[in-house]
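J.: Build the 3D model from these lines:
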Amino acid sequence: MRIKLILIGLCGLILFPGCQAISTENGTQLEETLIPAPVSPSQGNIIMTPSLPVPSDPGLQSLVQRTKEDLANRLVIPADEISFVEITEVEWSDSSLGCPQAGMDYLQVITSGYLIRLEANAQMYEYHSNRDTFFILCENSSLPGIPKP
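T.: As a prediction, this is how the structure comes out:
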């Protein structure tokens, strides 16, 4: 019982000091929030950040538009019938971008990129990309749903 109390006390000391009010020069108080460290997913080493809103960066807009055009060609529908859902910055565990194909070998390097989710005909589609121009429609995602804070 004593060990449990000690552990609870230590957890409180570790967690709560990061969430405290701080005073500024003019006497007002600001709330400071502790930002947790990145979480490692249980499957592989894929690390994600929270979803980004509709991207304002022209390069990301172009990447999303190209994925929409690719999906439109695959589904034989106009691209304007495809909805952008989200884009999430990801560190893929290897060059397969979280979408390994049978019989292929991949470089075992952390690959920065994006997870792009689109919706068409009431179905979700995932595109995985690197930071540059390469993307792939991933139908067999190995991606766990654990975002990086």
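
J.: okay, Ser129: pLDDT?
T.: At Ser129, the pLDDT value in this model is 96.

J.: Name the helix or strand for it, please.
T.: strand 123-130 (DSSP states H and E).

J.: Can you list the buried residues in that strand?
T.: Buried positions in strand 123-130, judged by neighbour count with 16 or more other C-beta atoms under 10 Å: 125-130. Using the backbone N, CA and C atoms, a C-beta is placed for each residue, glycine as well.

J.: Out of the residues you listed, which comes closest to Gln101?
T.: The nearest member of the buried residues of strand 123-130 to Gln101, counting by C-beta to C-beta, is His128 at 11.8 Å.

J.: so where's the protein shaky on pLDDT?
T.: 1-54, 141-149 (pLDDT under 70).

J.: Give me the domain ranges for it.
T.: Following automatic domain parsing, one gets these domains for the chain: 2-32, 47-137.

J.: What segments of the protein are strands?
T.: Per DSSP state E, the chain carries strands over the ranges 20-23, 29-32, 47-52, 83-92, 111-120, 123-130, 135-137.

J.: Each with direction, which strands does the last one pair with?
T.: Next to strand 135-137 in the sheet, as set by DSSP bridges, lie strand 123-130 (antiparallel).
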